[in-house]
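> Show me how the following folds:
(chains A, B, C and D)
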Amino acid sequence: MTAPHDTTTAKYWKSPAARAGLREEPPLPGVNRRGFLEAAGFATSLVALGGCQRAPTTIVPALTNDTDNVRPGRARSFATTCGGCAAGCGMLATVRDGRPLKMEGMPEHPLSRGGLCAVGQAQVMELYDQERLRGPLAAGKAATWSEVDARIAAALAKIPASGAVRVVTTSTSSPTLRRAIAAFLKRFPDGRHVEADSVSVSAILDAHAATHGARRLPRYRFDKANVIVSFGADFLGTWISPVEFAAAWKSGRALPHREVVHEHGAEAGGAADASNAHAPAKTGRTDAAMSHHVQFESRMTLTGSNADVRHRLHPGEMGLVLSHLLHRVARLAGESGSPTPLASPSISAAVLDALASRLWENRGKALVVCGANDVPTQTLVNHLSQLLDAYGNTLDVDRPSQQLRGDDRETEALAEELASGKVAALFVADIDLVHDFPGGEAIAKDLSRVPLVVSLATRMDDTSAASRFVCPDEHPLASWGDAEPIAGLFSLRQPMMQPLGNARSAIESFAAWSGSGGTVLSLVRATWKEVAFPRQAKETDFTRFWDRAVHDGFVEVDADIEKLAYRGFDPQYVAAAATGKGVAVVLHPQIAIPSSRHAHNPWLQELPDPITKITWDNCVTLSPRLARELGVADNDVVSLKIGDGVVLELPAFIQPGQHDDVAAIALGYGVRGTDRFARVGPQWLEGRSTVGVNGLVGVNAAPLLRFGGGVVQYVRDNVQIAKTGRRHTLATTQLHDHIEVPANVAPPGSKPRDIVQETTLDEYHQNPAAGAPHAHHAAEGELWPDDHPYNGHRWGMAIDLNACSGCSACLIACQAENNVPVVGRDEVARHREMHWIRIDRYYTGDDDDPAVVHQPMMCQHCANAPCETVCPVLATVHSSEGLNQQVYNRCVGTRYCANNCPYKVRRFNWFDYVHDDALANLALNPDVTVRMRGIMEKCSLCVKRIQEGKIEARRLGIPLADGAIRTACQQSCPTNAIVFGDVNDADSAIARAMSDARRYSVLEELNVRPSIGYLRKVRNATREEGDV
Amino acid sequence: MSSPHHEPSSALYPPEPPLIAGHKSLGDVTREICQPLEGRPTRLWWIGFIVAASALLLGVVSVTYQIATGIGVWGLNKTVGWGFDITNFVFWVGIGHAGTLISAVLFLFRQKWRTSVNRAAEAMTLFAVMCAGIFPLIHMGRPWLAYWFAPYPNLRGPLWINFKSPLVWDFFAISTYFLVSALFWYFGLIPDLATIRDRNRRGLRTKICRALSLGWNGSARTWHRYETVYLLLAGLATPLVFSVHTIVSMDFATSVIPGWHTTIFPPYFVAGAIFSGLAMVLTLMLVARKTMRLEHYITARHVDTMCKLMLSMGCVVGLAYGTEFFIAFYSGNPYEQFVFLNRAAGPFAPAYWTMVICNVVIPQVLWLKPVRSNFAAVFVVSIFVNIGMWFERFVIIVTSLHRDYLPSSWATYFPTIIEVATLIGSFGLFFTCFLLFCRFVPVIAMAEVKGVLHAPGHRSDVAQKGEAA
Amino acid sequence: MRQPYLTTALVVGLLFGGVLLAGSALRLRLPGNHQGYAPEQPIAFSHRLHADELQIHCQYCHSAAGESRHAGIPSGEACMRCHKFVTAPFGAMQTEAQAADAEKRKPRTIVSDELRKLYDAMGLDDNLEPSATQKPRPIPWVRVHNLPDFVYFDHRAHVNAGVTCQHCHGPVESMQTVEQFSTLSMGWCVNCHRDAAANGIQGKAVSPSLDCAACHY
Amino acid sequence: MSERTILASFADEHDALDVVRTLRAAGYRVRDVYSPHAIHGMDEALGLRPTRLTWVCFVCGAVGLFAALWLQNWANAIDWPINVGGKPWNSLPAEAPVAFEMLVLLAAFGSVLACLAVCRLYPGKRVAAAARVTDDRYAVAVDASPALPRGELRRLLSEKGAVEIVEQLSAVEEGR
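Numbers count the residues shown, from 1 in each chain, chains lettered A, B, ... in the order given. This is a model prediction of the structure:
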């Protein structure tokens, strides 16, 4: 990596010494975080002050000198590694005035390739969280580190030689942390590091142990696959490493730029005109490479919603269908070995035949993934992958994933050990055993019998509450750390600010308890020197190696891992069908709240689930038919009962596309402490609380989990569902799901609205403009062609619906960038969410088994904007660069503009939204205002970034380069679905996108001439298969 | 010298009941109309006043709460940005139309029967426009900045206003309408104020009347100019009446929202406004007639004529409903078709059918003479029309907004108690003002009634002139 | 009978004139216009002394003006670049130096009252050594130039376009206490932008934007 | 002008109208007639010329119209042209509503204020209106200068139905 990072704001810093104010090298004695916060304070006072009277405000300059690196008001980006989940994506943190503000993806990072998911971006909210523990606790009381360390040491000293010492963490790929834990455990004869994942893929590793001889999680290469078959794996949403997979998945489906083929050479008009000369040849048929994605799943996942072909499948039948598929492929491969008569599956033989031959034809380029945490099923997948020559091609086991390595057997064993009282000391880091694991309540009881329980949780979770000592880990944004998500990919984490309290990195804590001590920086450096540095030959000097790592954020070195050998084709087919098992309940992670760790994040809680569009709650989703049979409607509270007596009461939500014998519940809700959100929204006469009857946000579904077959079972059969008669309103951001209007009010002969346009790959090959419902209107003349010429820049955006997976990372990017307030459940239920960008999710076709499309929707910046005409006070007008500007100062709040917006993208400040948490306010972007009540707001196309880009280019005396300005949503998008730029710049990516044959405007017939173009979705399936 | 109750002498003029019944002399008119102002208020008045003032108080409290807390206390949302607020606005503007219509338009058409009702109708106009004017003000997110609607020189560049916005047109139309209506009303009131002034020699009332009557002495030269200017005002007010609701309708007609974007709106709104205004005038007149003992001034003939007018307007409104549906069907525009089907069968269907039944079906009973002459029945019909016209505006505003182009953004709307209280409060304001008006201002234009006392059919004038010649 | 009209006209005219006169006499301004605001600062820093007499360039202290949205208030450390040595007015220091010369001793450190405040803030004792008791703390300067809500001003864009500091801030180099020179009203901004678009800045053609979003976002 | 006037009151408008015609035919100067309501034909009988207030109305209306058109054009197209919804800077149709409203507003207020001015009506004006002319009497004020035969006049008035005849020396204002 040699090219300097070029972002809109700044270069990364080169060495830690050059940067002032961090914990390691305080530049001036006595500079503490207060100095920085006060320095930062002057930016917020700008926002807070107003009115006509002049109350004196103060400007408090930083105490330290203005070094070359810190300029008040200038933001700079630093490379680091995301700590949001175990995936370890590369991240750029934008830091201004000593505080990290905005998390963005790192384009050069080999895993995430520039994207960053919603969770990763929302970390700032967790950093600036009032309730994050900021100092050690002993027996619930604040203590000092030396005191706590001494007491822990004393307790450890009392452990007999036979005493079991267990360190439980979530999967961690951090070499330093693993070393620190190992060093700590070395002292104890029976010391073990247990990795436990709240959502486990243990079965995949176990299956590889069976077929390849080692517990190993392959790295899935979706970018190398021509055919992707997923059995319930939500790899675009929550499975293992969604950002990495989404980027790779998209790169296997990217369509080349093609323009409309005109018979008479007529132009498509508008923005297309200028760029035609520079465009590649206008071609007829091209064989655009696009992978074929088939999804078998029981519930509607984000991945399923993006599949070319989707089949509903009972979770209990997955093994059977896989067996059939494997059997067919084996026959094609000439492998014998299908002696077992198999039950016939619900998927038709023709479908399986076609799929098998498609897979076989694409062997070496086929990828079969399975989300089931079931060893026999995963073993079948491994055999199938072997037959399809996937290992070494679409599956990488030589540089495997280390992102998830949890072993459910060990977790189960730990639970048993706890129950038997064998454990003498337990250290729990980054995982909530009590809340997230089977038998959590029993674990809570057992914990009280363990002589020493130390929790390293960052907040008071159920496990911490049952621990004697809480030694909070520092937030990933405020401490050093590292990760090795893929064997040989060392990713560094560096602090972005001075710690806000007295928390201590887990690395440092374990080092302290093992007696070796050391600061986290010295420990990380030591690890890198001893582990990473020797595995590469590029740099010979460790300091240079280290500096490069700090600058780049990651280093690629040799993987130090043994090769695997396939043990031979010997499948144990799953013969049984799923019949007779009644309704199964499927427990799954939610995209917004992938684990209970993030339940305290208001941004994520208010992030609508990409499929259900529900915020602030989990629920039990039922298929329309099952709901009909049970007589359940949306928002009815139902009770779920499984034979062994667990009863759960949750509101129901009808989810089209779900299997009829499945009820699905999201994990990670009902978390201790979420009662804090009871009053998160505006408080008024009819305002309702954000929390449910249990006083928490959502209900914890983990009590339904069980150990079985050596794994945690996320599917439970024979669940009894009954109505309770109570209702609980689920706050959804979308009321009408279908692209067609309701049948009772549909005009006779009406067709679905062509808001989202799509076509099939075959049709696209015939005609790149296939799927357009009518001829382009844009070419028709303007009424006043000379009045508004747009001679300078003209900003535009194109959104590739074929790339957009609906993951909603852009929502959080926008929220962080533009200070979008959190409004709470009641306000969302009243359809008053404030997100500037939303993702419209439409169902098409059959209600029970629909196809799904996702469409990001934000202000379209129409050239003939209906909103502008109606504003009486000129509060929304058009800029000379084609932006629809919203001027908060001038807005009097008639809401006429919002009414007249055909896209309904304007958001009104119904109340003064809460901004009284001074700490949380540190996450506010000082370069964008915080709007008061009574003001309309909406997407500004990140005009702050546009201004910044223009001013910087002018300052440096260079022309504004294409791509120098990136909007927040564009930056974050894992699939690069969003292109932004100057349409008047004929060489720009946006001009090319705007002239693409797939490009269309939503509601083109209104002739409002949006500046946002959409690129038509293409499904690699026939119309029959894909429900197009 | 002819009697005031002159029988028409020619067959050309079929016998008509007199405009003013009860053989009144000029002095009777003065006395009977001034009496309610000079005596103590009746118990009925007090009851009405207390009820109205309580409603007003409720409204004041709810509006204060709303302004202090935010528009969020209404049930609006990102999709339905206007609900009760603009519904009430259009409703009250509509009510405010009959007054000026009766005063000005009927004056131009020389409809002498207007004299008994024009004063009250004009007052009603003023109060209704006041009620209407409050809603655009409080519906703003930042009502304290409402003065930004006016184009005044400022230190912002200067930054003017958007003269292309229908809301600016509205601002000009409503304020002009209010000012001109107030002027028209006051101008017509001057001679009557002089009458009150001259009846008493003492008291605060006399002092106020002396100041406000501007030294009116009934001189023929003044009357001569006064009549001309009154005619001019009527001539100006007539197109003004039509312009106001035309402009109000443009708030919707110039938008892009299906169900709003339609050229039928100006005439449709004007007809609807007159319809609702007449209904409210009828409601009030029937009440005032009973409670203020004005049976001789507001006669069956007045009510009958008003009923006929109302019936015809109801038919126009019904025609508009039908035309809208037909054009939606005929246009082939799926969005437009959907909006109308959604009105009739969607979530707000009850509101739609309430509107149709109240505005189109029920007024048809007015074809029957017995109904028109049964004041109780007419009263009930007028109440239904008032309800129906409120729902018409609700239907237009809310059903069009709640489901427009992108199904993803479809939403519902349900009013909060604050909105309901504000609506009640606006009625409170209206009736409080009206009751105060009944107490302090002659409810019937004495000078005008005196002018027609001698002229049932006005044959006497002609006859006299002929004799004199 | 003309008197009433005459009287009315006269009264109205007098009232109007009175308001105008009173307005200008009392320097009444429209709400929000803080022209002339000159708050007392925690340290009586004199721009006249530093910028005029000593000819220190504005951006020596306000060093971020060319690179950042904010011009930046200098940190205490920036002051210390000079005031490590200059601890009191020149005259006083000279007198002490002469006295010390005369008495053949090392000159004592003379600290003026205002600079004492700076050293206090920096946590320095009488000999300008880090104090054991006093921790450094930033100096809470009072903001003079304050824009209304929802407005951004970028120093960088203006400084690099060639707008002089004095253009907006007025003759700061002549001010003992800094006061707000311009109205900072929107019209003031807009008219300057219009003027610059037509006439350029110091003969250089520039393209100042009149778009709302140039400042409002 | 202080002169002697005979004020004759009538109970019926037609009597008043009749007597005015008769008196004027007989060469008497009828100063004014006071009535509780406008009497049809009285302007003719008194020989009043049509008022020119209509022209005031027209001029005010024209001023309102053109001022509004000018303001809108100047503000939106010349002083600070701002792109609103891609519409042209100045478009007459969009300016029509405001221009019309301003026309009506200025015309209405202009003519009323002008009328009050020419009629010398203003707040606080003290009048000595003839008795009951704002109630139920019609009063005819006849110039009773000594040159004219007063007895004859009184007789004529009684004959025509005057219910009351008063002679007074008063300041009589005369309209233009």
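> what stretches of chain D score poorly on pLDDT?
D:1-3, D:128-129, D:146-149, D:169-176 (pLDDT under 70).
> Contact residues of it facing chain C?
D:Trp80, D:Ala117, D:Arg120, D:Tyr122, D:Gly124, D:Lys125, D:Glu173 (C-beta under 8 Å from any C-beta of the partner chain). Just so you know, the C-beta spots here come from the backbone N, C-alpha and C atoms, and that holds for glycine as well.
> How many neighbouring residues does the fourth one have?
To tie it back to what came earlier, the one meant is D:Tyr122. 15 (other C-beta atoms under 10 Å in any protein chain shown).
> just the fifth one next, same as before
Around D:Gly124 there are 9 other residues, counting by other C-beta under 10 Å.
> Equivalent analysis for the first one, please.
Residues within reach of D:Trp80, counting by other C-beta under 10 Å, total 17.
> what does the third one give?
Burial of D:Arg120 is recorded as 20 neighbouring residues (other C-beta under 10 Å).
> Okay, it and chain A: tell me how far apart.
42 Å (C-beta to the nearest C-beta, to the nearest Å).
> Could you do the first one as well?
Counting by C-beta to the nearest C-beta, the gap between D:Trp80 and chain A amounts to 9 Å.
> give the contact list for that residue.
B:Gly157, B:Pro158, B:Leu159, B:Trp160, C:Val190, C:Leu210 (C-beta atoms under 8 Å, 6 or more residues apart in numbering or on different chains).
> Torsion angles phi and psi at the spatially closest residue to C:Gly123 that is not a sequence neighbour?
Distances taken as C-beta to C-beta, 6 or more residues apart in numbering or on different chains place C:Pro136 nearest to C:Gly123, at 3.8 Å, with adjacent residues excluded. Main-chain torsions, C:Pro136, degrees, to the nearest 10: phi -60, psi 140.
> pretty sure C:Pro136 contacts C:Asp120?
No - with contact defined as C-beta atoms under 8 Å, C:Pro136 does not reach C:Asp120; the gap is 9.4 Å.
> Out of the contacts of D:Trp80, which comes closest to chain D?
B:Trp160 (3.7 Å; C-beta to the nearest C-beta).
> Helix, strand or coil: sort out the closest one for me.
Classification of B:Trp160 using DSSP: H, G, I helix; E, B strand; the rest coil returns coil.
> Count the neighbours of it for me.
There are 21 residues near B:Trp160, going by other C-beta under 10 Å.
> Need phi/psi at it.
Dihedral angles (degrees, to the nearest 10) for B:Trp160: phi -90, psi -160.
> Just give the closest residue to it, not the sequence neighbours.
D:Ala75 (3.7 Å).
> do A:Gly934 as well
Closest to A:Gly934 by C-beta to C-beta, 6+ apart is B:Gly141, at 2.5 Å.
> go on, A:Gln378?
With sequence-adjacent residues excluded and distances taken as C-beta to C-beta, 6+ apart, A:Gln378 is closest to A:Ala207, at 3.5 Å.
> For chain A, spot the helix or strand the model is least confident about on average.
helix A:33-48 (a mean of 38; mean pLDDT, DSSP states H and E).
> and the next element down the chain from that helix?
strand A:58-59 (DSSP states H and E).
> give me the low-pLDDT residue ranges for chain C?
Using pLDDT under 70, the flagged stretches of chain C are C:1-4, C:23-32.
> Likewise for chain A?
A:1-55, A:62-70, A:261-288, A:337-341, A:578-580, A:644, A:774-782, A:1025-1028.
> Quick check: phi and psi on residue 103?
Unless you meant another one, I'm taking chain A. The phi/psi pair for A:Met103 (degrees, to the nearest 10) is phi -100, psi 130.
> I'd assumed A:Cys117 was in contact with it.
No - the criterion here is C-beta under 8 Å, and A:Met103 misses it with A:Cys117 at 10.0 Å.
> neighbour count winner among the two?
Using other C-beta under 10 Å as the criterion, A:Met103 and A:Cys117 rank with A:Cys117 on top: 30 against 27.
> who are the neighbours in contact with that one?
By C-beta under 8 Å, 6+ apart, the contact list for A:Cys117 reads A:Gly84, A:Cys89, A:Pro242, A:Val243, A:Cys807, A:Ala809, A:Pro974.
> Can you turn the buried subset of the residues you listed into a selection I can paste into ChimeraX?
Here is the ChimeraX selection string for the buried members of the contacts of A:Cys117, based on 16 or more other C-beta atoms under 10 Å in any protein chain shown:
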select /A:84,89,242,243,807,809,974
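> closest to chain B among the contacts of A:Cys117?
A:Cys807 (17.0 Å).
> so what's the closest one up against?
A:Cys117, A:Ala118, A:Leu236, A:Gly237, A:Pro242, A:Ala246, A:Leu302, A:Ile591, A:Pro610, A:Pro974, A:Thr975.
> From A:His835, how far off is it?
For A:Cys807, the distance to A:His835 equals 14 Å [C-beta to C-beta, to the nearest Å].
> Got the domain ranges for chain D?
As assigned by automatic domain parsing, chain D contains the domains D:2-50+D:128-171, D:53-118.
> Using TSV, please lay out the ones you listed together with distance to A:Glu740.
Converted to TSV, the domains of chain D look like this (distance: least, C-beta to C-beta, whole Å):
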stretch	distance to A:Glu740
domain D:2-50+D:128-171	68
domain D:53-118	31
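> and the nearest residue to B:Phe127 once chain neighbours are set aside, which of the three is it?
Leaving aside its chain neighbours, B:Phe127 sits nearest to B:Cys433 (4.2 Å; criterion: C-beta to C-beta, 6+ apart). Of the three states, B:Cys433 takes helix under three-state DSSP.
> pretty sure B:Cys433 contacts B:Met130?
Yes - using C-beta under 8 Å, B:Cys433 is in contact with B:Met130, at 6.9 Å.
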